[in-house]
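> task: produce atomic coordinates for the following.
(one chain, ligands or ions: 1)
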Amino acid sequence: MSSRVSIGPAETSPVGTTLERHLLDRQRRMAEATGDFTGLFQQITLAAKIIGSRVSKAGLSGILGRTGATNVQGEQVQKLDDFANTTIVSTVEAGGHVCVMGSEEVEEPIAIPAQYPQGKYVLQFDPLDGSGNIDINASIGTIFSIHRRLSPEGGPGSLGDLLQPGRDIVAAGYIVYGSSNMLVYSTGDQVDGFTYDPGVGEFFLSHPKIRIPKRGGIYSINEGNYHSWDEGIRNWVDWIKTPSETKPAYRLRYIGAMVADLHRTLLRGGIFVYPSDTKNRKGKLRLLYEASPMAFLVEASGGTASDGKNRILDIEPTALHQRTPVFIGSPDDVADALRFAAP
Ligand code: AFP
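The predicted structure is shown next:
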């Protein structure tokens with residue numbers, strides 16, 4: 001477990017423990033804990049509840065549809081993306097726990113207004129991942145990661161605070177808004193999942209110590225891109241879906257929201273891949289808002305995450321909206337894919 005986070009070890013909370021109680025118990029296990037991490041986490045959780053509530057009413061409140069604006073990725077921004085982004089910023093900025101934030105929806109670093117204390121943590125997030133799924137009522141999610149600041153304490157944070165490799169993450173997680181809403185997080189030692197009870201308004205521990213299976217039976221990739229891939233990826237997909245004496249054919253599942261595809265991969269095992277292709281030579285997924293936090297969670301659960309050549313957590317970011325190819329999941333399945341992709 002990282003000693004850079006001001007919270008004690010996770011240990012084993014009983015199933016049914018609330019997320020708040022679980023965090024307070026951890027805080028008490030570390031004598032020098034300041035409560036900063038717990039406070040930041042409570043704000044993230046509050047934002048997740050607000051977003052989850054709005055997502056579940058999306059069709060009712062007339063919020064579906066597009067704003068007409070375009071975000072920094074050149075994609076159309078939907079109203080719920082805006083709402084989720086604003087909710088996280090406004091919930092976290094006044095808390096005094098962070099000095100700067102980065103969002104997939106915002107081109108530049110998000111400064112903390114001068115009237116609020118500048119905290120010791122750095123928060124990065126994809127406010128609503130898989131937003132193409134909103135209009136069809138399929139799962140979407142929020143992804144986040146937390147680093148310690150590198151700039152001197154007290155003053156405003158900087159771009160350098162945001163451009164840190166995934167191996168220095170102190171905590172990462174996601175909230176999946178699905179048939180039930182779940183928050184899954186890790187500080188690097190173990191991965192715990194909490195299911196939301198809307199009647200009570202709380203997340204309850206439902207999936208303690210998630211361990212990804214060493215090998216799964218599902219592959220997850222946008223196979224519509226087959227003809228844009230390098231030969232190695234095409235060969236791997238041909239191999240994985242073909243039964244042989246040594247293995248059955250793998251099943252294909254692809255939702256188009258990384259949170260949902262990774263959530264299944266963590267629980268069931270298998271592999272999620274978004275390789276480079278002729279349209280996206282550097283890959284499509286964002287290193288800081290999608291790949292790094294998910295790599296941190298998957299490694300903490302016993303899995304592997306690679307860009308095809310290197311460990312994703314070791315990539316040194318050079319730009320906020322940098323993209324990367326992704327091979328992530330059960331260690332044996334990722335090793336198989338890399339044999340084809342990077343022989
Ligand atoms: P959006 O948040 O813009 O919908 O993007 C989702 C995403 O970044 C990731 O969550 C998916 O796995 C991936 O894109 C889907 O991309 P394709 O539509 O190209 O398969």
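> mind checking pLDDT for Ile136?
Looking at Ile136, its pLDDT is 87.
> measure it to Ala58 for me?
11 Å (C-beta to C-beta, to the nearest Å). Heads up, the C-betas are built off the backbone N, CA and C, glycines and all.
> what does the stretch 151-300 of the chain put close to the ligand?
Within the stretch 151-300 of the chain, the positions near the ligand by C-beta under 6 Å from any ligand atom are 222, 256-258, 261, 284-285, 290.
> most surrounded residue in these?
Highest neighbour count within those, by other C-beta atoms under 10 Å: Met258, with 28 neighbours.
> residue contacts, that residue?
Neighbouring residues of Met258 by C-beta atoms under 8 Å, 6 or more residues apart in numbering: 129-130, 141, 143, 272, 274, 285, 290, 294.
> for Ile233, which three-state class applies?
Counting by DSSP: H, G, I helix; E, B strand; the rest coil, the backbone at Ile233 sits in helix.
> let me fix that: Met182
Here Met182 is strand, with the state taken from three-state DSSP.
> how many residues are close by it?
Neighbours around Met182, by other C-beta under 10 Å: 22.
> do the same with the one 10 residues further on
Summarising burial for Asp192: neighbours were counted as other C-beta under 10 Å, giving 24.
> same question for the one 3 residues further on.
Counted with other C-beta under 10 Å, the burial measure for Thr195 works out to 16 neighbours.
> surely it is in a strand?
Yes: under three-state DSSP, Thr195 falls within a strand.
> pLDDT value on it, please?
At Thr195, pLDDT is 98.
> residues touching it, list them.
Going by C-beta under 8 Å, 6+ apart, Thr195 touches 180-182, 203-204, 206-207.
> leaving out chain neighbours, which residue sits closest to it?
In space, Thr195 comes closest to Ser206 once its chain neighbours are excluded; the distance is 4.1 Å by C-beta to C-beta, 6 or more residues apart in numbering.
> any idea how many residues pack against the one you found?
Neighbours of Ser206 using other C-beta under 10 Å come to 16.
> just checking, it is part of a strand?
Yes: in this structure, Ser206 lies within a strand as judged by three-state DSSP.
> surely it touches Asp192?
No: applying C-beta atoms under 8 Å as the test, Ser206 and Asp192 come out as separate, 9.1 Å apart.
> the more surrounded of Ile136 and Ala58?
Neighbours were counted for Ile136 and for Ala58 using other C-beta under 10 Å; Ala58 has more, 20 against 7.
> the more buried one contacts Ile134, doesn't it?
Yes: in terms of C-beta under 8 Å, Ala58 counts as a neighbour of Ile134; the distance is 6.2 Å.
> list the residues that contact the one residue in the stretch 1-150 of the chain that gets nearest to the ligand.
Distances between the stretch 1-150 of the chain and the ligand by C-beta to the nearest ligand atom are smallest at Gly132, namely 3.9 Å. Contacts for Gly132 (C-beta under 8 Å, 6+ apart) come out as 256-257.
> thanks a lot, catch you later.
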